[in-house]
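Asker: Here is a sequence together with a model predicted from it:
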Amino acid sequence: MNFFDILRHKVPKNFILFLIFIFSLLISTSCSKKTEKADITIYTSLYPLEQFTKWIIPEANINRLIPQGVDPHYFEPSLKDIQKLYTAKMIIYLGNTDIDRWIDKIKNDLIQRGVKVIRLQDHINFKTYSSGNEIDPHVWLDPQLSIEILKIIRDVAKESFPDKREIYEKNFSRYLLKLKELDEAYRKNISNCNLKDVITTHEFLNYLSARYDFNAYFIVHEPDEEPSLKKIKKLKELIKKNSIKYIITEPEGEKIARVLSEETKVEILPFNTLHSGFDKDYFEIMYENLKILKKALICDK
């Protein structure tokens, strides 16, 4: 005699029906929760966009395509990476930059297959590098442009999941306030400094320097390049003329910074470009970067 035979003989029929109902309800609830989470799978190209998306849509399964420790400028997607995108509900990326322009090649196909594709370059005015041939991707380092990105994510989320519009609006308002406070901190702390010039290893401060009115000079355009003797000579003259005491470098450019540092005896300051994932959140990193800029521009009078 099996379990259901025992139930039939020893338990009232109404109670058996009640148990079946409860069992079915538990399975249904469990499946719906799993389905709800699985239905909102979002891919972003890099760490800052992953953070911004989590702020607005925290219940989603959000994944970053460029892994920890990989320089996004040289990331090569695998076939598996590309296949992942076709399982997504939404994809958020920069656009025609050296970080994630490969997504442009499959964008239309993804849209045809029902994936919501958000290409930020279609909504925000990106700057070009000084050479004018390449788009500068570092928009997330400007708090005001980060607000614009957040607005885009909010609007798409509200359109895609209208039953949660109020939640997404509330999440946006919370982080809007924090980004405005960050913007004000940058504006207040580096608006009246002894120096107007900083030297960086590569060209990652275009947005920040334009927003907060200082000049950023770089050693090389990209971290893998070799600095020219002409460029080194100009930077050495600038250091001497303006009594510059520091070179700001991201992790990828430390070797290049060391070359100029040894020749000029200036100190190297680490700057976090948020190129990849970190244990710290966006705001913690950005406030640490502010301290670095204050030191380099000699803002504490």
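Answerer: Received it, and whenever you're ready, just let me know what you need.
Asker: buried ones in stretch 46-60?
Answerer: Buried positions in stretch 46-60, judged by neighbour count with 16 or more other CB atoms under 10 Å: 46-57, 60. Where C-beta positions appear, they are placed from N, C-alpha and C, glycine not excepted.
Asker: ok but Leu290 is inside a helix, no?
Answerer: Yes - counting by DSSP: H, G, I helix; E, B strand; the rest coil, Leu290 falls inside a helix.
Asker: where in the chain is pLDDT low?
Answerer: 1-38, 223-224, 277, 301 (pLDDT under 70).
Asker: For it, which segments count as helices?
Answerer: For the chain, applying DSSP state H gives helices covering 3-10, 13-39, 47-56, 79-85, 107-112, 143-160, 165-189, 206-212, 229-242, 254-264, 282-296.
Asker: Would you mind measuring from Thr273 to Ala185?
Answerer: Applying CB to CB, to the nearest Å, the value for Thr273 to Ala185 is 19 Å.
Asker: Pick out whichever of the two has more residues nearby.
Answerer: Shown here are Thr273 and Ala185; by other CB atoms under 10 Å, Thr273 has more neighbours (23 against 14).
Asker: show me the contacts for that one.
Answerer: By CB atoms under 8 Å, 6 or more residues apart in numbering, the contact set of Thr273 is 138, 141, 204, 250.
Asker: again, only using 6 Å
Answerer: By CB atoms under 6 Å, 6 or more residues apart in numbering, the contact set of Thr273 is 204, 250.
Asker: For it, give its distance to Ser191.
Answerer: Plainly put, Thr273 is 22 Å away from Ser191 if you go by CB to CB.
Asker: Not counting sequence-adjacent ones, nearest residue to the most centrally placed residue in the chain?
Answerer: For the chain, the residue sitting closest to the mean C-alpha position, by CA atoms, centre = their mean, is Pro48 at 1.3 Å. Residue nearest to Pro48 in three dimensions, not counting chain neighbours: Trp140, with 3.7 Å by CB to CB, 6 or more residues apart in numbering.
Asker: Equivalent analysis for Ile82, please.
Answerer: Ile106 (6.7 Å).
Asker: Only the buried residues of stretch 240-259, if you could.
Answerer: Here stretch 240-259 shows 244, 246-250, 252-253, 256-257 as buried, counting by 16+ other CB under 10 Å.
Asker: What are the contacting residues of it?
Answerer: Stretch 240-259 is contacted from outside by 71, 197-202, 219-220, 223, 260-261, 266-269, 271, 273, 296, using CB under 6 Å, 6+ apart.
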